[in-house]
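*Asks:* Sequence and predicted structure below; questions after.
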Amino acid sequence: MITPLYGQLSPLRIPTSIPLDSDALAYIAAVESADGATLEDSVKSAINSFVKGCKEDGIWTPISTSCILAGARTLSGALVPLVGTSPTNNNFVSADYNRKTGLISNGSTKRLASVNNNTLSQNSNHIYIRITGEDTRTVSAGIMGTTQLQTGSTMLRRSGSTAFQASAMSSSGAVYAGTNIKWSNGCGITRTSSSQVSWMENSVARTAALTSQTPRNETIFVIASGGNYTTSRAAFFSVGQNLNLALLDSRVSTLMTDLSAAIP
């Protein structure tokens, strides 16, 4: 068999020992179409294993919008949605994208616009982002979500150089954490009920009491929170209903490891 040249599309080829998932195959086909080239078999296998794993863990259905901001050959391919609709690109260019580590912002003008916050359920919702390059500045920085600390907002933010702030359809108050906070690895918040949330920073999940409010009518931004920007790099995000953040983070961690090994 003649191996297709780079830039030519060919049938999806994943080792036959791995059962193929229809959602993974549809996503891979869409990415290859956007890239104008095929993905490596090992990259396809990593994606396939991730989707199958999420389904096995019961965390696939709660995801309504998501992108793997890594793996694809091009920025266009990286913005193909794994689930839901494509985010709107605000000022990212090809040089901002790395196949292994994702998409980096500049702290001032670059962000992705995802779905409206009011499309989520008031008492069952989540946002999650995988940080692969931390914002090392000593200023406040938004990492994902709506405008910070507004009633009904959903957001993840660093206040000053260390304090973590997170909200999920909450009042103007939010979850706060003190010093030595790491804006790296998995960061997220999920509302488990009208009165409680689970939140995560640096892949460590915790719970807090936080009463829900009517969802704020505002866009959820990625690699930014409202107009609060960051210099972080991110490789995955998801939005949707309540789910187990630890299970999602574990699957994303494996995906990132597999992609790093698969990409030359």
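*Replies:* Great, that's in hand.
*Asks:* in the stretch 151-264 of the chain, which spans are strands?
*Replies:* For the stretch 151-264 of the chain, applying DSSP state E, counting those that start in this stretch gives strands covering 153-159, 163-170, 175-177, 185-191, 196-201, 204-209, 219-222, 224-225, 228-229, 233-240.
*Asks:* so where's the stretch 1-150 of the chain uncertain?
*Replies:* 1-18 (pLDDT under 70).
*Asks:* circling back: highest mean neighbour count out of the strands of the stretch 151-264 of the chain?
*Replies:* Comparing the strands of the stretch 151-264 of the chain by mean neighbour count (mean count of other CB atoms under 10 Å), strand 224-225 ranks first with a mean of 29. Using the backbone N, CA and C atoms, a C-beta is placed for each residue, glycine as well.
*Asks:* Of the strands of the stretch 151-264 of the chain, which shows the lowest average pLDDT?
*Replies:* Per-stretch mean pLDDT for these is lowest at strand 175-177 (a mean of 80).
*Asks:* What's the local residue count around A34?
*Replies:* Applying other CB atoms under 10 Å, we find 18 residues neighbouring A34.
*Asks:* Am I right that it sits in a helix?
*Replies:* Yes. Assigned with DSSP: H, G, I helix; E, B strand; the rest coil, A34 falls within a helix.
*Asks:* In a markdown table: the strands of the stretch 151-264 of the chain, plus distance to D35.
*Replies:* Converted to a markdown table, the strands of the stretch 151-264 of the chain look like this (distance: least, CB to CB, whole Å):
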| stretch | distance to D35 |
| --- | --- |
| strand 153-159 | 29 |
| strand 163-170 | 34 |
| strand 175-177 | 38 |
| strand 185-191 | 26 |
| strand 196-201 | 31 |
| strand 204-209 | 34 |
| strand 219-222 | 20 |
| strand 224-225 | 25 |
| strand 228-229 | 28 |
| strand 233-240 | 17 |
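*Asks:* who does N125 bridge with?
*Replies:* Beta-bridge partners recorded for N125 (DSSP bridges): R191.
*Asks:* A30 in helix, strand or coil?
*Replies:* Strictly by three-state DSSP, A30 counts as helix.
*Asks:* what number of residues lie near the residue lying closest to it once chain neighbours are set aside?
*Replies:* Leaving aside its chain neighbours, A30 sits nearest to V80 (4.9 Å; criterion: CB to CB, 6 or more residues apart in numbering). A total of 20 residues lie near V80 under the criterion other CB under 10 Å.
*Asks:* Spit out the contact partners of V80.
*Replies:* 27, 30-31, 34, 67, 72, 86 (CB atoms under 8 Å, 6 or more residues apart in numbering).
*Asks:* so which of the strands of the stretch 151-264 of the chain gets nearest S124?
*Replies:* strand 185-191 (6.2 Å; CB to CB).
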